[in-house]
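> heads up, no residue letters with this:
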């Protein structure tokens, strides 16, 4: 194929594309949930969807089965404008499914993994990586072979090609029970990573819960990434570059209708602003706007989100000269 | 344990105990179903539940995970009076789940197998088999090792102990793609089987669709069972003993509200009447009554079904002297 025929991509997400079965009942534990509704799921896939909604060109590299659930995911991605040609749909496997309790707290979940972790290095399209500006993946995708090697391969190709490598350390001991292995594998992967978004929970699950945010930032920087964005829930977000905190974005009070996917919306917002050439602190402010839209929305975000009004709101904050930090957080 | 402490069992079902996620929408294909509700599922488990509802003592031997879904199944069995002490709940595996489209036709389904097929021969309780009068299993359970060997072991112990061995050849190429293997394994298992209930669809899937009902009956008898009950949907049921058709039970017109589980209700009815000492033709008439109750019912059958009124209805039919065959079927 002539290079000019390949569509330029803003982001290629490598990793879990799954069917989330989210309980219809608002309930803390799966044991009490009776009815479930299907949704496109998987953090890297969600990020691709949100980047696409924000006007970016996004693709997902992941493996699914070829049955009703695989077809559903492909059609959902296409509906949101995400490029599906680099999906690997394999008749020898099932589509990974995840049951999730719908709750305003931390969701209970149970994964039935099949296709997602069977993505092999040879199935990562070089063309997709070549045509991307950002290549993104997650700890979930790293938790099992051969997908772990596929992520390595994608990141290696991305680094060679001078792409921005983004990583979400969404570590869960349930998904990746061998914590020692995770502590060994993560630094190997982080050698390729330019930018990463741990939550305080992620950091605690990886390094232990006894550290201060500044120490977590240092530990992530030591593994390689130049930019570390630490999200801390109600305590806002710390932006750290080259080992130094360059800013704090406080959380603002919002009426939370649905917390599912807010972290992915945040990161999609961050990457979108970064692709627009913004500095990390502005990216984090932009990300907060997108995350708040998701938190306040009942159901999915609209399909075409205009970035203009979001940037306009950032200008308002800057012109007022009132630091958003005036709400007293940190 | 002192033998006297062990509860006598009418039936021990060995094989699939699963969570059925049945679509809330009435829909032919899973691809179009959006919402799913959890139910206890698996043909042998359903048969144990129906035998229990009909007043029998039933147990299930199967493997599940220990999470929310395994706990749900155990509590559902217990709620219906089924003995759960021979379940194997294993933290190393998941509970098998099956998505099913809710339709008046043939349901579309997609299975995610984990625990059910991992039941090993050593996990089949000898005590359970010893205390049972009937030991039942299915082709689904045979489709994979080590569960296949576990069914062999259960049937071998049952035969040694002089139990009635019952088998449902619910063969599906989707579940058991190696048809040649199935054709080789089924005769090995049928050596132990006394009584079996193929549907015309099962028979066609196993032997090919080109035969007449009488030929299917002969082919099943040749594998070993003395009694073969061939269910033929609207064409009713053929009862065959020792290689000869001893009767035909026509289907009666019923208002079908829910076809799910009607075949299992039929077989639970048949086995219940057999345990009451009835001859096969009477068992089939009793089975039809139970299947019709299920077909006409919206939702599950009541928990305590009195067998008295059902037998009374059979007497009415006998006294009228009008063959139910007068509806013209066959």
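That came through, no problem. Bear in mind that the values here come from a model prediction, so they are computed numbers and not experimental data.
> what helices or strands is the longest helix along chain A leaning on?
Ranked by residue count under DSSP state H, the longest helix found in chain A is helix A:280-296. Where contact means 3 or more CB pairs under 8 Å, 6 or more residues apart in numbering or on different chains; DSSP states H and E, helix A:280-296 is packed against strand A:227-231, strand A:237-241, strand A:244-249, helix A:262-275, helix A:307-320. C-beta coordinates here come from the backbone N, C-alpha and C atoms, glycine included.
> if we use 6 Å, what do you get?
strand A:237-241, strand A:244-249, helix A:262-275 (3 or more CB pairs under 6 Å, 6 or more residues apart in numbering or on different chains; DSSP states H and E).
> surely residue A:140 touches residue A:16?
Yes. Between residue A:140 and residue A:16 a contact is recorded at 5.1 Å, counting by CB atoms under 6 Å.
> give me the more crowded residue out of the two.
residue A:16 (30 against 27; other CB atoms under 10 Å in any protein chain shown).
> what's near enough to touch that one?
The contact partners of residue A:16, by CB atoms under 6 Å, 6 or more residues apart in numbering or on different chains, come to A:42, A:116, A:140-141.
> so where does it fall, helix or strand?
Using DSSP states H and E, residue A:16 is not contained in any helix or strand.
> mind checking the end-to-end distance for stretch A:90-97?
Using CA to CA, to the nearest Å, the end-to-end distance of stretch A:90-97 comes out at 15 Å.
> please point out which parts of that stretch sit buried.
A:90, A:93-97 (16 or more other CB atoms under 10 Å in any protein chain shown).
> now the two most distant members of the residues you listed.
Across the buried residues of stretch A:90-97, the longest distance by CB to CB is 15.5 Å; it joins A:90 and A:97.
> sorry, back to before: list just the nearest of the contacts of residue A:16 to chain B.
residue A:116 (13.1 Å; CB to the nearest CB).
> report the contact partners of the closest one.
A:16, A:18, A:96.
> setting aside sequence neighbours, what's the nearest residue to it?
residue A:96 (4.0 Å; CB to CB, 6 or more residues apart in numbering or on different chains).
> rewinding a little: JSON lines for the buried residues of stretch A:90-97, including secondary structure?
Converted to JSON lines, those look like this (DSSP: H, G, I helix; E, B strand; the rest coil):
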{"residue": "A:90", "secondary structure": "coil"}
{"residue": "A:93", "secondary structure": "coil"}
{"residue": "A:94", "secondary structure": "coil"}
{"residue": "A:95", "secondary structure": "coil"}
{"residue": "A:96", "secondary structure": "coil"}
{"residue": "A:97", "secondary structure": "strand"}
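> so can I have JSON lines of the residues you listed showing pLDDT?
Formatted as JSON lines, these follow (pLDDT from 0 to 100):
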{"residue": "A:90", "pLDDT": "97"}
{"residue": "A:93", "pLDDT": "96"}
{"residue": "A:94", "pLDDT": "95"}
{"residue": "A:95", "pLDDT": "97"}
{"residue": "A:96", "pLDDT": "97"}
{"residue": "A:97", "pLDDT": "97"}
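> so which of the residues you listed is the closest to residue A:176?
The closest of the buried residues of stretch A:90-97, once distances to residue A:176 are taken by CB to CB, is residue A:96, at 14.5 Å.
> mind listing what the closest one touches?
A:18, A:113-116 are the contacts of residue A:96 under CB under 6 Å, 6+ apart.
> and for residue A:281?
A:239, A:246-247.
> any buried residues in stretch A:24-32, and which?
Those buried within stretch A:24-32 under the rule 16+ other CB under 10 Å are A:24, A:27-28, A:30-31.
> and what of stretch A:170-189?
Buried-residue list, stretch A:170-189, by 16+ other CB under 10 Å: A:170-172, A:175-176, A:182, A:185-186, A:189.
> is it positioned near chain B?
No. Counting by CB under 6 Å from any CB of the partner chain, chain B has no neighbours in stretch A:170-189; the shortest distance is 10.0 Å.
> centre of the chain to that stretch, how far?
17 Å (CA atoms, centre = their mean, to the nearest Å).
> which residues of the stretch 51-200 of chain A lie near chain B?
Counting by CB under 6 Å from any CB, the stretch 51-200 of chain A sits next to chain B at A:67-68, A:71, A:110, A:112.
> would you list those residues in CSV and tack on secondary structure?
Below are those laid out as CSV (three-state DSSP):
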residue, secondary structure
A:67, coil
A:68, helix
A:71, helix
A:110, strand
A:112, strand
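> need the longest strand for chain A.
As assigned by DSSP state E, the longest strand anywhere in chain A is strand A:18-26.
> what is the one helix or strand residue A:39 maps to packed up against?
Per DSSP H and E: residue A:39 is located in strand A:35-41. Secondary-structure packing of strand A:35-41 (3+ CB pairs under 6 Å, 6+ apart): strand A:18-26, strand B:35-41.
> could you dump those strands into JSON lines and include distance to residue A:216 and mean pLDDT?
Listed next are the helices and strands packed on strand A:35-41 as JSON lines, based on distance: least, CB to CB, whole Å; pLDDT from 0 to 100:
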{"stretch": "strand A:18-26", "distance to residue A:216": "28", "mean pLDDT": "94"}
{"stretch": "strand B:35-41", "distance to residue A:216": "39", "mean pLDDT": "96"}
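> mind giving me JSON lines with those strands and columns for distance to residue B:162?
JSON lines is the format used below for these (distance: least, CB to CB, whole Å):
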{"stretch": "strand A:18-26", "distance to residue B:162": "46"}
{"stretch": "strand B:35-41", "distance to residue B:162": "31"}
